[in-house]
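*Asks:* A predicted structure for the sequence below; I have some questions about it.
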Amino acid sequence: MAVHFHEEDLPEGVFGPGPIAVDTETMGLITARDRLCVVQLSDGGSDEHLVRFAPGSDYAAPNLKAVLADPLRLKLFHFARFDLAAIEHYLGVTATPVFCTKIASKLTRTYTDRHGLKDLVRELLGKEISKQQQSSDWGGADLSDAQRDYAASDVRYLHAMHAILVERLEREGRTAMAQACFEFLPTRARLDLAGWPDRDIFSHD
Ligand code: MN
């Protein structure tokens, strides 16, 4: 198990075939204001890859973009809505097709309102992850070991949870509904970017 750190882009050919787990760290929650600092990726093997972007980056990253935009590769996220907006705004690509473990959790784990990554990893896999570095400064010249570990752990368990959640969706008869939600996610992210972050445009009011 190793965490690989890269500046500005992935090396070529670091991933095996199949789905890729993806997460992002930014300077904050307002995408247009708070720049994209780190993209974390895993192919479900024992290694994670972190791509760090410096202040003033041009976000060229051709290898990273090729992986994210690959229409044959499923991208696994937890709360894809946020990451898709950051990826589209800063990298200019739409990271589809998508599977979101948070949406799959909400559509299947109707017995709880705890759908955070930490809760999901604990219940489905019996593992503990720390969220201590979540609100740390991702924009500095170097990332601490604690930040690297945290960033990597956010993509480490998405493949295992994806496998379980696919079964749960099937069991509860909600696979097609989940798929339709996943297909809408890029539009949901664009609504966030375009100025409808909180307004539910499906509601009567
Ligand atoms: Mn994260």
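*Replies:* Looks like it arrived, so ask away. Only a predicted model underlies this, so the values are computations on that prediction, with no experimental measurement involved. Residues are numbered from 1 along each chain as shown.
*Asks:* show me what whichever strand or helix holds residue 151 is packed against.
*Replies:* Using DSSP states H and E, residue 151 maps to helix 145-156. Under the contact definition 3 or more CB pairs under 8 Å, 6 or more residues apart in numbering; DSSP states H and E, helix 145-156 sits against strand 2-7, strand 20-26, strand 36-42, strand 47-52. C-beta here means a position set from N, CA and C on the backbone, and glycine is covered the same way.
*Asks:* export those strands to a markdown table and tack on distance to residue 190?
*Replies:* Listed next are the helices and strands packed on helix 145-156 as a markdown table, based on distance: least, CB to CB, whole Å:
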| stretch | distance to residue 190 |
| --- | --- |
| strand 2-7 | 28 |
| strand 20-26 | 16 |
| strand 36-42 | 16 |
| strand 47-52 | 23 |
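*Asks:* sorry, back to before: in the helix holding residue 151, what counts as buried?
*Replies:* 147, 148, 149, 150, 151, 152, 153, 154, 155, 156 (16 or more other CB atoms under 10 Å).
*Asks:* near residue 195, how many other residues are there?
*Replies:* Neighbourhood size, residue 195 [other CB atoms under 10 Å]: 8.
*Asks:* tell me the pLDDT of it.
*Replies:* On pLDDT, residue 195 comes in at 93.
*Asks:* tell me the contacts of residue 24?
*Replies:* Contact analysis of residue 24 by CB atoms under 8 Å, 6 or more residues apart in numbering lists 36, 38, 39, 40, 82, 83, 86, 87.
*Asks:* identify, from these, the entry nearest to residue 196.
*Replies:* Of all the contacts of residue 24, the one with the least separation from residue 196 (CB to CB) is residue 82, at 14.7 Å.
*Asks:* so what's that closest one scoring on pLDDT?
*Replies:* Residue 82 carries a pLDDT value of 98.
*Asks:* for residue 1, same thing?
*Replies:* Reading off the model, residue 1 has pLDDT 79.
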